[in-house]
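Colleague: Coordinates only, no sequence provided:
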């Protein structure tokens, strides 16, 4: 970010938040900025192919595939909306997440209850990203906020309002079939006495036979899924005590502590990142809470994760749901670098090669232009999806340099609009 852009971003945050010093834009290089962008209505989550060439977007009412080999010119390859319109109750709505393994994309929804719409996972062959082919659909009796596809097994957030289990589906079967469930209520019945929103299974991450389940105020649970049909508890990062959450204020699910929203591991080491999503609320005539950040944990002994460091969220003077959101959202750990999204707080990169001492390398923020949902590596760049802003800035995909310095002037970026397919 050039210094003038850092000053502009600070002023914008101050309008709906607090001023950010220009020198805080990045400790490495003030010239950092985005490379390119592609506008795409309804964008939420983004994931990237293993070779970094293609991004896949959840579009709320569908999905899209995007060529990101030239990060300065992300190009729409295919856009599919009105999914399952041929089914009773169709089409799919509330598609906030997609997940990729090999040449299979799973498109899941609805993120929140929508009784009249199809619930479940649509499987798509994306071996040719420009010509995705519908392969099958696994229906569920619960909404699907998030999911993770690992090989031929799909891990679903099965929030039924009671046990809120992890649901494991064999996606390689014909038709796909459920093979296992695991619930923290079964492991500790005391959680069954806590309101469902406080122990929701918000997201799931799987790597090398270990699943990380972000369970809001119940914390993050680690499961051995080396046998996907028999998940087994390994350890957890605690967040709250069920005894203290049996009769909480109505705003408890919004405010810290707790609110474990997203968890991911680094394929190169024993490191876990847990992002927490929270806001402020009015309680007993005063404002309590605010945005939360990201915690880093040593997983060398997954039965006892050890806290190493915490990364604070960008500041905001209006931290409520109606204000300027700067709380942690989705993230990625890769090769000793942490990529984070903070809604209107922008996107950051941290060097976490020494995870006890994370170093912020880059930060780009413009609350009027983007409200970032995620940040993901993509070859020599990284991508960040924006859900658009309340002031009318469009949703879509942004690309950034995966190094300090570089990037263009945001004011000079030419957005590439999509056309419905």
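Modeller: Cool, got the structure. Quick caveat: nothing in here was measured; it's all calculated off a predicted structure. Numbers count the residues shown, from 1 in each chain.

Colleague: now the helices for this protein?
Modeller: 3-16, 184-187 (DSSP state H).

Colleague: So the residue of the chain most remote from its centre versus residue 248, what's the distance?
Modeller: Using CA atoms, centre = their mean, the residue of the chain lying farthest from its centre is residue 285. It sits 32.7 Å away. According to CB to CB, to the nearest Å, residue 285 and residue 248 sit 18 Å apart. (C-beta placed from N, C-alpha, C; glycine too.)

Colleague: before we move on, what about residue 335?
Modeller: Distance of residue 335 to residue 248, computed by CB to CB: 40 Å.

Colleague: Neighbour count: the two, which is higher?
Modeller: residue 248 (15 against 12; other CB atoms under 10 Å).

Colleague: Tell me which residues of stretch 302-320 come out buried.
Modeller: Using 16 or more other CB atoms under 10 Å as the test for burial, stretch 302-320 gives 302, 305, 308, 311, 313-316, 318-320.

Colleague: swap that for stretch 157-171, sorry
Modeller: By neighbour count with 16+ other CB under 10 Å, stretch 157-171 contains the buried residues 157-159, 163-171.

Colleague: which ones are touching the most centrally placed residue in the chain?
Modeller: For the chain, the residue sitting closest to the mean C-alpha position, by CA atoms, centre = their mean, is residue 330 at 2.8 Å. By CB atoms under 8 Å, 6 or more residues apart in numbering, the contact set of residue 330 is 45, 203, 262, 275, 341, 373-375.

Colleague: Widest-spaced pair of the buried residues of stretch 302-320?
Modeller: 302 and 318 (38.6 Å; CB to CB).

Colleague: How many residues are close by residue 82?
Modeller: 12.

Colleague: For the stretch 1-150 of the chain, just list every one of the strands.
Modeller: 36-39, 46-48, 54-58, 62-67, 75-81, 97-101, 104-109, 120-125, 133-139, 147-150 (DSSP state E, counting those that start in this stretch).

Colleague: Throw these into CSV and include mean neighbour count, thanks.
Modeller: Shown next, in CSV, are these (neighbours: other CB atoms under 10 Å):
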stretch, mean neighbour count
strand 36-39, 23
strand 46-48, 24
strand 54-58, 26
strand 62-67, 25
strand 75-81, 18
strand 97-101, 23
strand 104-109, 26
strand 120-125, 22
strand 133-139, 15
strand 147-150, 23
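
Colleague: Format those strands as JSON lines; extra columns: mean pLDDT.
Modeller: Output for the strands of the stretch 1-150 of the chain, formatted as JSON lines (pLDDT from 0 to 100):
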{"stretch": "strand 36-39", "mean pLDDT": "98"}
{"stretch": "strand 46-48", "mean pLDDT": "98"}
{"stretch": "strand 54-58", "mean pLDDT": "98"}
{"stretch": "strand 62-67", "mean pLDDT": "98"}
{"stretch": "strand 75-81", "mean pLDDT": "98"}
{"stretch": "strand 97-101", "mean pLDDT": "98"}
{"stretch": "strand 104-109", "mean pLDDT": "98"}
{"stretch": "strand 120-125", "mean pLDDT": "98"}
{"stretch": "strand 133-139", "mean pLDDT": "96"}
{"stretch": "strand 147-150", "mean pLDDT": "98"}
